[in-house]
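J.: need a structure here:
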Amino acid sequence: MMDHEQASALLPGYLDGELSLSESLALDQHMAQCDACRLELARQRAASAQLRQADLRVAAPAELVKRITAALPGRKPLWRRLLGAGSAAGSSGQTSARAPLGLALASLAALAVSLGLFLRLPSDEQRLAQELVNNNIRSLQVDHLFDVASTDQHTVKPWFGGKLDFAPPVVDLAAQGYPLKGGRVDYLAGQRVAVLVYRDKLHPISLFVWPGAGEPAAPRFEERLGYHIAHWRAAGMNYWAITDAGASDLSGFVSEMQKTGN
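T.: Numbering: from 1, shown residues only. Next up, the predicted model:
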């Protein structure tokens, strides 16, 4: 069993989707019983989201900009310095010009690499998608698709009472070809969420549901590690569905869910 110190050290990697499957599973098990780690993960996730907000930038007062600019030593733009280095090569020889030109090009290359690495950082949505896939794989590996097994929505919906601080909508889609099989409580995006498990022929479809602020959002689809994923927002809830069925099968399920208003 992972101890608190080990769990705390792994939280940043968990947030960025950098942990192995076994590490994520061990950390999930620890957080299921550790309020402190769950709160710390939520705090780190909130801080990460705030740092991505553009309104954190504050414009410097015009007078301050003027004073700083005046205090800086005169310096030509980079392109003029590069041209100047090239001209110097004609008068003092190519060898002496190669050093400043090479340093400038090396600096530009380093800047390009750094910018590329920054742009490749996973977004909050990408990290959430990877966390969703990891949770789904774990549930299949340990044969833990649901805590309550029932095809009756009137059995599954009350089961969540007292286990969550919200009431997830439980819809019966058996007539549409997606019978309900059960549900469970899982941990995603730093909070407890409801998971409703449906069946499409031989393929399970896990629907993760939790409250979400903001306007309704149309479904977005992607494929990750062989799983098809869809997510959308409706009626004050976030919906993330994942399955190993085909893309068209998932699209049909999402369409039927939306017809119910969810």
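
J.: any idea how far residue 197 is from residue 179?
T.: 10 Å (Cβ to Cβ, to the nearest Å). Where C-beta positions appear, they are placed from N, C-alpha and C, glycine not excepted.

J.: these two - which one has more neighbours?
T.: residue 197 (20 against 14; other Cβ atoms under 10 Å).

J.: that one: what's it in contact with?
T.: 145, 146, 180, 181, 182, 183, 184, 204, 205, 206, 207 (Cβ atoms under 8 Å, 6 or more residues apart in numbering).

J.: same question for residue 184.
T.: 139, 144, 145, 146, 147, 148, 195, 197 are the contacts of residue 184 under Cβ under 8 Å, 6+ apart.

J.: could you find the closest non-adjacent residue to it?
T.: Nearest non-adjacent residue to residue 184, counting by Cβ to Cβ, 6 or more residues apart in numbering: residue 147, 4.2 Å away.

J.: of the contacts of residue 184 - the most surrounded one?
T.: residue 195 (24 neighbours).

J.: any idea which element it lies in?
T.: Element membership of residue 195 [criterion: DSSP states H and E] is strand 191-200.

J.: mind checking how far the nearest residue to residue 213 once chain neighbours are set aside is from residue 64?
T.: Closest residue to residue 213 apart from its sequence neighbours, by Cβ to Cβ, 6+ apart: residue 236 at 7.7 Å. Applying Cβ to Cβ, one obtains 44 Å for the distance of residue 236 from residue 64.

J.: please apply the same query to residue 207.
T.: For residue 207, the distance to residue 64 - Cβ to Cβ - is 53 Å.

J.: which of the contacts of residue 197 fall in helices?
T.: Of the contacts of residue 197, none are assigned to helices by DSSP state H.

J.: give me the distance between residue 180 and residue 239.
T.: 15 Å.

J.: now the residue nearest to residue 239 when sequence neighbours are not counted: phi and psi?
T.: Excluding the flanking residues, the one nearest residue 239 by Cβ to Cβ, 6+ apart is residue 232, at 5.3 Å. Per-residue torsions, residue 232: phi -160, psi 170 (degrees, to the nearest 10).

J.: doesn't residue 220 make contact with residue 232?
T.: Yes - using Cβ atoms under 8 Å as the test, residue 232 is close enough to residue 220 to be in contact (7.0 Å).

J.: out of the two, which sits in the more crowded spot?
T.: residue 232 (20 against 11).

J.: please report how far that one lies from residue 15.
T.: Relative to residue 15, and taking Cβ to Cβ, residue 232 is found at 23 Å.
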